[in-house]
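Trainee: Take this sequence and fold it.
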Amino acid sequence: MKILILSNYANGLWLFRKELLKSFLDAGHEVLISVPPDENCYKLEEYCTRLIETPLERHGSNPLKDLALLIGYRDMIRREKPGAVLTYTIKPNIYGGMACKLTGTPYITNITGLGTAIENGGVMSKVLIGLYRGATKGARKVFFQNERNRHFMQERGVALKNSGLLPGSGVNLTDHPFHEYPDESEGIHFLAVIRMMKDKGIEEYLEAAEKISSEYENVCFDLVGEFEEDERDIYEPRIKALEDKGILHYFGHLDSVEPVMAKSHIIVHPSYHEGMSNVLLEAAACGRPILCTNIHGCIEALDGEKSGFTFDVKSADSLVNAMRRILSLGEEDRKRMGIAGRSYIEKNFDRQLVIDAYKKELNGICS
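Mentor: Residues are numbered from 1 along each chain as shown. Model prediction:
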């Protein structure tokens, strides 16, 4: 079968779905990937038969450009004649789904998260939900990554009869092995792996880092992730100022977070909304205790309070209190939390579960 993948970000496919792509190739499928051109596209070359660079504005809302994307997807599908189309992220989900309906092509949608535009309500939310309602109606399956997102969308008429639930993107337990908890004698390292944007909780993390550093002498703060260009001017100066004070170490974008995560002691994820946080799944797989916002898409990565604590979304004060709470424990307590997290991930979030779910749907299309 020829399988066409539509996504808005090459690095996201490489980080979280390369095992799925490889499983398609190993099964003898022809795999085409459509993504916008950027510096990460080369990473996908060994995981596909052919890469199709497709212009796409991830955050824009220009109707003419979105119409051009729909027409581009429709023409691509007519030209390539795939046996199945798999879509990820909001614009490929909506306009790729519409193009599949127009061409009568089987398709599987993955709603990895809802995003601010939908979560915040208002006119834009209603428009996007209406588009999703139409785009997903003909899908063979609409996968969600947490039960709350599925319930939210189904209450609004999306994927009423064709929904499925995945354990996020799952974790490759080989690529993300357990790492022994580091010695704390030279300081306790908090780490956040997020994009530098408001909705990922960067403001709360920076504020908490400054507050906790004023209270504890043996605490360090690390930060990994790339800037969203439209918010760079807001956060780059603040990050630089904390670096100059010796409060924060900013690593920038890293292709592999594993080495930094392995040297950390506690992973913090202050995001405002998630489908299912890959960072938290990988942190728990690594054997690190977690502090995360008390929202669906984050709390699923916790084995109750055995492996971490939650804090209120959009609240630096609540995050500070969660940091104080975990710092009040002993080193052995934090070590045990990390071990519990690894065990929980092994049982519930192996990436093979995601591969098996897609294999089942593709077998149904082939039969």
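Trainee: If you rank every helix and strand of this protein by mean pLDDT, what lands last?
Mentor: Lowest by mean pLDDT, DSSP states H and E among the helices and strands of the chain is helix 116-119, with a mean of 81.
Trainee: Please list the outside residues in contact with it.
Mentor: With CB atoms under 8 Å, 6 or more residues apart in numbering as the contact definition, helix 116-119 has outside contacts at 124-125, 128-129, 199, 272-273. From N, CA and C alone the C-beta is placed, and that goes for glycine too.
Trainee: Name the member of those residues with the most neighbours.
Mentor: Neighbour counts for the contacts of helix 116-119 peak at residue 273, which has 21 neighbours (criterion: other CB atoms under 10 Å).
Trainee: Now name the helix or strand holding that residue.
Mentor: Using DSSP states H and E, residue 273 sits in no helix or strand.
Trainee: how deep is residue 27 tucked in, by neighbour count?
Mentor: A total of 13 residues lie near residue 27 under the criterion other CB under 10 Å.
Trainee: dump the residue contacts of it.
Mentor: Here residue 27 is in contact with residue 359 (CB under 8 Å, 6+ apart).
Trainee: Please report phi then psi for it.
Mentor: phi -80, psi 0 (degrees, to the nearest 10).
Trainee: Restricted to helices, list the contacts of helix 116-119.
Mentor: Of the contacts of helix 116-119, the ones assigned to helices by DSSP state H are 124-125, 128-129.
Trainee: and which of those residues is nearest to residue 8?
Mentor: Closest approach between the ones in helices among the contacts of helix 116-119 and residue 8, by CB to CB: residue 128, at 14.5 Å.
Trainee: which residues sit in contact with the closest one?
Mentor: Counting by CB under 8 Å, 6+ apart, residue 128 touches 90, 94, 117-118.
Trainee: so can I have a markdown table of those showing distance to residue 6?
Mentor: Converted to a markdown table, these look like this (distance: CB to CB, whole Å):
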| residue | distance to residue 6 |
| --- | --- |
| 90 | 11 |
| 94 | 10 |
| 117 | 19 |
| 118 | 19 |
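Trainee: Can you tell me which of the contacts of helix 116-119 is closest to residue 265?
Mentor: Nearest to residue 265, judged by CB to CB, of the contacts of helix 116-119 is residue 272 at 24.5 Å.
Trainee: Would you map the strands across the stretch 101-250 of the chain?
Mentor: Secondary structure of the stretch 101-250 of the chain by DSSP state E, counting those that start in this stretch: the strands cover 107-111, 141-144, 163-165, 188-193, 219-224, 248-252.
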